[in-house]
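[1] What follows is a predicted structure for the sequence shown.
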Amino acid sequence: MNDYIKQAGQYYHPNIEEADKTNAQKIIHICKRMYYDDFNEFSLEMEEKFGKTFYNVLKELPLGTVFALITGDIPHSEFQDWLKSKDKDTNFKEIGPDRYTSSEWPTKVLKAMETLAEASKGRYKETTEEAVTSGGVSQEAFDELRVDLEITRGNLDHFKKLCEETETNYKEKLKELLSSKVKEELEGLTIGEGDLTSTVTMRPAKELFFGVTDNNIEVPVFEWKDSEGNVVAHPDIPKQDPKYLFREKELTRVLYALMTNQRMYLHGHTGTGKTTLIEQVAAHLNWPVLRINFDSEITRMDLIGKTDLIADGGTTTTQWQDGLLPKAMSNAYIAIFDEIDFCRPDVSYVMQAATEGNGMTLLEDGGRKVYPHQMFRMFATGNTVGQGDEFGMYQGARAQSLAFLDRFTIWQKVDYLPEGKRKELAQNAAPTLKSEIVDRISKYVTEHLEAFTGNNVLQPISPRGMMAVAKAAEFLSLNGASDKDALSEALDMVVLDRCTQEDRAVLQGIKDRVWK
């Protein structure tokens with residue numbers, strides 16, 4: 001928990017029904033100070049643009065925005081881009097809770113409120129009229145504050161309603177499946193693949209993903225056995241990563257897509273863990289995965305198959321060899337079309353029939369029809385939403401046919417881990433690492449990601465890279481290096497020494513700032 005959250009927690013009242021006890025002015029001052037400390041150039045730019053102090057700019061925003069900025073639930077790069085896009089005369093009060101025009105907005109606010117409530121335990125200060133007056137704030141200012149807070153309290157009810165409509169939408173749909181034919185069809189289903197067989201059992205998701213979801217939906221779990229009845233590992237099942245951190249909304253949507261056999265498209269910046277999310281869900285379900293990496297070189301033959309010359313007993317014959325897509329469709333695989341936005345449109349057209357779920361015809365193999373296995377599922381990942389490179393940093397991303405994209409009926413934007421999750425991941429990777437170093441690693445990663453998403457550097461940093469930094473810093477610390485030297489060397493060996501000169505100059509500045 002960073003210092004800004006701790007400070008804000010002193011002035012935040014955790015009981016929503018008594019929200020008027022929250023000292024909004026001091027929390028806004030904390031947010032202002034955070035921006036002056038960490039984003040000073042941006043703060044000064046906004047003051048000049050709007051002709052007022054940055055405190056007064058923040059004061060005009062819904063209070064929930066300030067909460068989420070302090071906790072980091074609203075990414076600072078996202079907020080800065082949004083604020084830069086507004087006119088000088090924008091009335092922020094009128095924008096209200098829809099200021100991001102995003103269904104995730106109320107969720108981010110509620111999560112921020114929970115974080116501040118946790119930070120406030122035993123430490124918040126009740127802001128009574130007497131306390132405010134004695135603190136040098138006028139009665140008029142206090143009354144104005146109370147009115148603002150009454151408006152904010154009314155908005156909180158709106159936040160709750162929006163959150164119920166968005167966050168529980170998929171959960172409710174999943175609950176409907178509990179008594180549906182899906183469970184009846186899958187329970188006890190026996191699958192054969194070569195020498196391996198598996199019987200599907202249904203288990204509650206909350207048991208498999210303990211601590212992530214309390215959903216009672218039962219999901220299919222495979223148990224693979226060899227020809228002699230011994231339990232074995234299927235070679236195409238990803239290995240479970242006990243340190244992987246699931247996020248409930250993303251997990252719920254993936255499970256929903258798996259249970260209802262719908263095509264799902266996950267998009268987000270490189271290093272956010274789109275493919276890893278699907279693989280880790282599959283690992284927990286013992287569900288085999290076939291990952292198809294798309295690039296400009298993949299062809300129709302790679303996907304569909306081709307006729308090859310086969311030597312058999314001194315005789316050469318021609319035989320049809322199925323490509324990746326028929327192989328996956330014919331078996332109980334989760335197919336991951338990785339970086340599908342780099343696929344040539346003429347190649348993606350080949351997959352359109354498969355994405356409809358009705359099978360496909362192999363004209364090259366005499367018109368043979370390939371029907372999808374009952375447990376075949378399809379997912380796609382991309383840095384973009386399939387309409388070209390909107391960020392200017394993914395050269396080669398192509399605009400895909402809207403008809404093709406329309407076949408994907410479940411979508412999910414995957415963001416980078418929030419600060420709290422990043423710290424947890426780093427601490428899990430390096431258990432003996434001092435919390436101070438973990439905090440500094442998290443601060444570095446935050447600024448690195450802001451530089452990357454702001455197109456200031458070309459090199460991202462993934463959770464894998466962050467864990468590598470933590471492990472290296474831990475090793476160096478245990479072997480006598482000072483905290484500063486350990487982190488400096490860890491960042492150099494994992495991140496900076498692989499940079500271009502331009503990126504290194506920016507990232508070196510970030511590295512230097514984490515020790516200020």
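    Yes, it's here.

[2] Next one: the residue nearest to Arg422 when sequence neighbours are not counted from Thr317, what distance?
    Of all residues not flanking Arg422 in the chain, Ser442 sits nearest, at 5.1 Å (CB to CB, 6 or more residues apart in numbering). Where C-beta positions appear, they are placed from N, C-alpha and C, glycine not excepted. Going from Ser442 to Thr317 by CB to CB, to the nearest Å gives 61 Å.

[3] The two - which one has more neighbours?
    Taking neighbours as other CB atoms under 10 Å, Ser442 and Thr317 compare with Ser442 leading, 26 against 10.

[4] quick one: that one and Lys423 touch, right?
    Yes - the pair Ser442 / Lys423 is scored as a contact, 4.9 Å apart, by CB atoms under 8 Å.

[5] quick one: the strands in the stretch 301-450 of the chain?
    Using DSSP state E, counting those that start in this stretch, the strands of the stretch 301-450 of the chain run over residues 305-312, 315-322, 334-338, 360-362, 368-370, 377-382, 410-413.

[6] Of all the ones you listed, which one is nearest His234?
    Checking the strands of the stretch 301-450 of the chain against His234 by CB to CB gives strand 334-338 as the closest, at 11.8 Å.

[7] If you average the pLDDT over that closest one, what comes out?
    Averaging pLDDT along strand 334-338 gives 94.

[8] In that strand, which of the residues would be classed as buried?
    Neighbour counts over strand 334-338 (16 or more other CB atoms under 10 Å) mark 334-338 as buried.

[9] Name the nearest of those residues relative to Gln321.
    Using CB to CB, the buried residues of strand 334-338 come closest to Gln321 at Ala335, 17.9 Å.

[10] That closest one pairs with what?
    Leu290, Met378 (DSSP bridges).

[11] Do I have it right that it meets His373?
    No - assessed by CB under 8 Å, Ala335 is found out of contact with His373, at 10.7 Å.

[12] Mutual contacts of these two, please.
    Met329 (CB atoms under 8 Å, 6 or more residues apart in numbering).

[13] The closest residue to Gly454 other than its chain neighbours: neighbouring residues, count only.
    Closest residue in space to Gly454, ignoring its immediate chain neighbours: Ser77 at 5.6 Å, by CB to CB, 6+ apart. By other CB under 10 Å, 18 other residues sit near Ser77.

[14] What strand or helix carries Ser77?
    Take DSSP states H and E as the rule and Ser77 turns out to sit in helix 76-84.

[15] Please identify the buried residues of that helix?
    Residues of helix 76-84 classed as buried by neighbour count (16+ other CB under 10 Å): 76-77, 79-80, 83.

[16] And these, which is closest to Ala282?
    Ser77 (31.3 Å).

[17] In contact with the closest one, which residues are there?
    Here Ser77 is in contact with 449-450, 453-454 (criterion: CB under 8 Å, 6+ apart).

[18] Please repeat the previous calculation with a cut-off of 7 Å.
    Ser77 makes contacts with 450, 453-454, as judged by CB atoms under 7 Å, 6 or more residues apart in numbering.

[19] If any of those are buried, give me the ChimeraX selection for them.
    For the buried members of the contacts of Ser77, the matching ChimeraX selection, counting by 16+ other CB under 10 Å, is:
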select :450,453
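
[20] Let me know the closest of the contacts of Ser77 to Leu303.
    Among the contacts of Ser77, Thr453 lies closest to Leu303 (CB to CB), at 32.3 Å.

[21] thinking again about what came up before, return the most buried member of the strands of the stretch 301-450 of the chain.
    Among those, strand 377-382 has the highest mean neighbour count (mean count of other CB atoms under 10 Å), at a mean of 27.

[22] Now do it against strand 334-338, angle only.
    Relative orientation of strand 377-382 versus strand 334-338 (axes from the mean of the first three to the mean of the last three CA atoms, to 10 degrees): 20 degrees.

[23] mind checking which helix or strand of this protein has the lowest mean pLDDT?
    Using mean pLDDT, DSSP states H and E, helix 129-134 stands out as the lowest-scoring helix or strand of the chain, at a mean of 41.

[24] before we move on, the earlier item: which among the contacts of Ser77 gets closest to Leu258?
    Nearest to Leu258 among the contacts of Ser77 is Thr453, at 29.8 Å by CB to CB.

[25] Going along the chain, name the helices of the stretch 1-150 of the chain.
    Ranges of helices in the stretch 1-150 of the chain, per DSSP state H, counting those that start in this stretch, are 3-9, 24-38, 40-50, 54-59, 63-71, 76-84, 92-95, 105-120, 129-134, 139-167.

[26] Now the weakest link among the ones you listed, please, by mean pLDDT.
    The minimum mean pLDDT among the helices of the stretch 1-150 of the chain belongs to helix 129-134 (a mean of 41).

[27] For the closest residue to Val219 other than its chain neighbours, list the residues it contacts.
    For Val219, ignoring the flanking residues on the chain, the nearest one in space by CB to CB, 6+ apart is Ala205 at 5.2 Å. By CB under 7 Å, 6+ apart, the contact set of Ala205 is 213, 215, 217, 219, 255.

[28] Let me know the pLDDT of the residue of the chain positioned farthest from its centre.
    Going by CA atoms, centre = their mean, the residue of the chain most distant from its centre is Gly314, 54.8 Å out. Each residue has a pLDDT score; the one for Gly314 is 71.

[29] how close does it sit to Asn455?
    61 Å.

[30] same check, this time on Asn479
    For Asn479, the distance to Asn455 equals 38 Å [CB to CB].

[31] and what of His13?
    His13 sits 40 Å away from Asn455, taking CB to CB as the criterion.

[32] what's the nearest residue to Ile510 if we skip its chain neighbours?
    With CB to CB, 6+ apart as the criterion, Ile510 has its nearest non-adjacent residue at 4.5 Å, and that residue is Glu447.

[33] these two touch, right, the one you found and Gly509?
    No - Glu447 sits out of contact with Gly509 when judged by CB atoms under 7 Å, with a separation of 9.0 Å.

[34] So the two - more neighbours on which side?
    Glu447 (20 against 11).

[35] Kindly state the pLDDT recorded for that one?
    As predicted, Glu447 sits at a pLDDT of 91.

[36] What is the neighbour count of Glu364?
    Number of residues near Glu364 (other CB under 10 Å) recorded here: 15.

[37] I figured it hits Ile304, correct?
    Yes - using CB under 7 Å, Glu364 is in contact with Ile304, at 6.5 Å.

[38] Could you give the number of residues near Tyr256?
    Neighbours of Tyr256 under the rule other CB under 10 Å: 19.

[39] With Tyr244 instead?
    So Tyr244, with other CB under 10 Å, has 17 neighbours.

[40] In three-state terms, how would it be classified?
    When classified by DSSP: H, G, I helix; E, B strand; the rest coil, Tyr244 comes out as coil.

[41] right, and it touches Ala282 too?
    No - contact between Tyr244 and Ala282 fails when scored by CB under 7 Å: they sit 11.9 Å apart.
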